[in-house]
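# Here is the input, now give the coordinates:
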Amino acid sequence: MVTQTLTRLALIEPDIPQNTGAILRLGACFGVPVDLIGPMGFVMSDRSLRRAGLDYIDPAGFTIHDSWNAFLTARAPGSRLILLTTKASEAYHQFTFQPGDILMAGRESAGAPEYVHAESDARIIIPMRADARSLNVAQACAIVAAEALRQTGGFATLRN
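Got it, this is the predicted structure:
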């Protein structure tokens, strides 16, 4: 079970179970809790989700929120919502992460809704070639979570 952490991952209305499984596995391995914000495009018992997450899903430390409003109500006071988006200008490696940041990723099929952009404290992008559209959401979460943990000392409690 995940205990204390400096960072959280949040997925708004995820619609590909394999990606969500991979992100739950990432959270379990890094000790980063995951918030799943519905409605989701699959059920948690989906075989593809279980296959991607392997035996990491149960100890991952995740919370399911029925809606965006339910997530906002449960959100820790003082936490910053950092949106990973292709519609940002600040690169993730130039951003200064803080303990308690929530790293938010949008739907695979449509990105983050405008109301999520409006609520975000910061929007960051992963630089890539001009002719590339976007990374897989699980890859993007891994890249940015690693940088956030590096900056905030979150790797200190993990084994080498």
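
# pLDDT averaged over stretch 148-160 - what is it?
Averaged across stretch 148-160, the pLDDT comes to 85.

# Go through that stretch and flag the buried ones.
Buried residues in stretch 148-160, counted by 16 or more other Cβ atoms under 10 Å: 148-149, 151-152, 154. All C-beta atoms are positioned from the backbone trio N, CA, C, and that covers glycine.

# Tell me which two in these are the farthest apart.
151 and 154 (8.3 Å; Cβ to Cβ).

# neighbouring contacts of stretch 112-120?
Identification of contacts with stretch 112-120 by Cβ atoms under 8 Å, 6 or more residues apart in numbering yields 12-13, 68, 72, 81-83, 85, 87, 104-106, 123.

# List the ones among these that fall in helices.
Under the assignment DSSP state H, the contacts of stretch 112-120 contribute 68, 72 to helices.

# Pick the one among the contacts of stretch 112-120 closest to residue 139.
For the contacts of stretch 112-120, the nearest to residue 139 is residue 105 (10.5 Å; Cβ to Cβ).

# Please list all residues in contact with that closest one.
9-12, 23, 83-84, 112, 137, 140-141.

# Any chance of those in TSV with pLDDT, neighbour count and distance to residue 40 as columns?
Output for those, formatted as TSV (pLDDT from 0 to 100; neighbours: other Cβ atoms under 10 Å; distance: Cβ to Cβ, whole Å):
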residue	pLDDT	neighbour count	distance to residue 40
9	96	27	15
10	97	24	13
11	96	27	8
12	96	23	10
23	92	29	12
83	98	24	19
84	97	26	18
112	94	22	15
137	94	22	13
140	96	23	18
141	97	26	16
